[in-house]
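S.K.: Dropping a prediction and its sequence here:
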Amino acid sequence: MRVYHSTTRAGRQLYLRGGNLPVMSDKITAPKIRSMKGGRIACVTAYDAPSARLADEAGVDLILVGDSVGNTTLGYPSTLPVSLEEMVHHTRAAASGCSNALLVSDLPFGSYQASSEEAVRSAVSLVKVGAEAVKLEGAYVEAIEAIVRAGIPVMGHVGMTPQSVNSFGGFRVQGRGDRADTVVEAAHAVEKAGAFSVVLEVIPGVVAKRITETVSIPTIGIGAGPDCDGEIQVWHDLLGISETVYRHAKAYADVGEITKNALKSYAEEVRKREFPTEENTF
Ligand code: KIV
């Protein structure tokens, strides 16, 4: 029996035997996430190689190269200025650190709204540098269908979609009161268009529960309560690096403080001539 070896981005070997029967691999794919409906899917953003590697080693299911790279890393006031070129740059970096988790990359504002053709071209440019799926905001049904037709899995995103901040009049909870149906309908449209999962951002928990109970794809919440099929959080919020503490987030470590203290100790030792020593000398 012939054994075929195939090497993944991060050098992991997959073995395909007997021509076409793959031996079980724990690599997480979009169909695998799709099949996790009713389970709990742990997702986090990452924007560079070491962060993606750490998230991957921690065993998260899905790593999103979010356009939140704009506010968290690039110093922009929102996600609106983030360009496709910047997403390509960060996706390439994160892909080199990600081996097991599904790597999803955000289509930034202006890269998919004008036409389905543009949406496919933008998605392709992210896949070329290692994205295994793309995410876009809103019920852009035709764009989602076209990208899926091109062989690229799509993650939907409804609710408080930050790229629409100007039409929302600020970062406000969406889907309250009689606006609930709008968000529910958007989630259903995204599902029907062929998305393998959908992010529900900053909507009332009861609305997220209603969507979760009525779509067949996994819902991934952020500020959407405990009843979704999974959760996504932004790297800098999870690790205590963000300056703002959001109600929808939880810091599991104070990496900001740890980093500052480490840098203070380093600067102090350099000034006192305690570092470097003979041990660090060649
Ligand atoms: O860009 C991002 O980080 C996101 C998540 C908040 C879902 O879209």
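M.R.: Arrived safely. Please read all numbers here as calculations on a predicted model, not as lab measurements.
S.K.: How are the strands of the stretch 101-250 of the chain distributed by residue range?
M.R.: Per DSSP state E, counting those that start in this stretch, the stretch 101-250 of the chain carries strands over the ranges 102-106, 133-135, 154-159, 197-201, 219-222, 230-233.
S.K.: Throw those into JSON lines and include mean neighbour count and distance to the ligand, thanks.
M.R.: C-betas here are computed from N, CA, C, even on glycine. Below are the strands of the stretch 101-250 of the chain laid out as JSON lines (neighbours: other Cβ atoms under 10 Å; distance: least, Cβ to the nearest ligand atom, whole Å):
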{"stretch": "strand 102-106", "mean neighbour count": "28", "distance to the ligand": "5"}
{"stretch": "strand 133-135", "mean neighbour count": "26", "distance to the ligand": "6"}
{"stretch": "strand 154-159", "mean neighbour count": "29", "distance to the ligand": "6"}
{"stretch": "strand 197-201", "mean neighbour count": "28", "distance to the ligand": "5"}
{"stretch": "strand 219-222", "mean neighbour count": "27", "distance to the ligand": "5"}
{"stretch": "strand 230-233", "mean neighbour count": "22", "distance to the ligand": "5"}
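S.K.: Can you convert these into CSV and add a column each for mean pLDDT?
M.R.: Converted to CSV, the strands of the stretch 101-250 of the chain look like this (pLDDT from 0 to 100):
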stretch, mean pLDDT
strand 102-106, 99
strand 133-135, 99
strand 154-159, 98
strand 197-201, 98
strand 219-222, 98
strand 230-233, 98
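S.K.: Output the ones you listed as CSV; include the columns distance to residue 252.
M.R.: Output for the strands of the stretch 101-250 of the chain, formatted as CSV (distance: least, Cβ to Cβ, whole Å):
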stretch, distance to residue 252
strand 102-106, 21
strand 133-135, 23
strand 154-159, 24
strand 197-201, 20
strand 219-222, 15
strand 230-233, 9
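S.K.: which bits of the protein sit near the ligand?
M.R.: Within the chain, the positions adjacent to the ligand are 45, 64, 66-68, 106, 199, 201, 222, 232, 234 by Cβ under 6 Å from any ligand atom.
S.K.: secondary structure element for the residue nearest the centre of the chain?
M.R.: Closest residue to the average C-alpha location of the chain: residue 64 at 1.7 Å, with Cα atoms, centre = their mean. Using DSSP states H and E, residue 64 maps to strand 62-65.
S.K.: Tell me, what's the model's pLDDT at residue 25?
M.R.: Note on residue 25: pLDDT of 70.
S.K.: Would you map the helices across this protein?
M.R.: 30-35, 49-58, 69-72, 84-97, 116-127, 141-149, 165-168, 180-193, 205-214, 235-238, 255-271 (DSSP state H).
S.K.: Give me the buried positions along the second one.
M.R.: Residues 49, 51-53, 55-56 are the ones in helix 49-58 that count as buried (16 or more other Cβ atoms under 10 Å).
S.K.: where in the stretch 101-250 of the chain is pLDDT low?
M.R.: Across the stretch 101-250 of the chain, nothing is flagged by pLDDT under 70.
S.K.: In the protein, which residue sits nearest the ligand?
M.R.: residue 66 (2.4 Å; Cβ to the nearest ligand atom).
S.K.: how about the closest residue in space to that residue that isn't next to it in sequence, what does it touch?
M.R.: In this structure, residue 66 finds its nearest non-sequential neighbour in residue 45, 4.2 Å apart by Cβ to Cβ, 6 or more residues apart in numbering. When contacts are counted by Cβ atoms under 8 Å, 6 or more residues apart in numbering, residue 45 touches 63-66, 68-69, 72, 232-235.
S.K.: Show me what residue 45 bridges to in the sheet.
M.R.: residue 64 (DSSP bridges).
S.K.: now do residue 222
M.R.: residue 201.
S.K.: Verify the contact between it and residue 232 for me.
M.R.: Yes - assessed by Cβ atoms under 8 Å, residue 222 is found in contact with residue 232 at 5.0 Å.
S.K.: which residues are common contacts for those two?
M.R.: With Cβ under 8 Å, 6+ apart as the test, residue 222 and residue 232 both reach residue 199.
S.K.: Would you mark the buried spots in stretch 247-255?
M.R.: Buried residues in stretch 247-255, defined by neighbour count with 16+ other Cβ under 10 Å: 248-249, 251.
S.K.: Looking at those, which is nearest residue 38?
M.R.: Here the nearest of the buried residues of stretch 247-255 to residue 38, counting by Cβ to Cβ, is residue 248; it sits at 22.5 Å.
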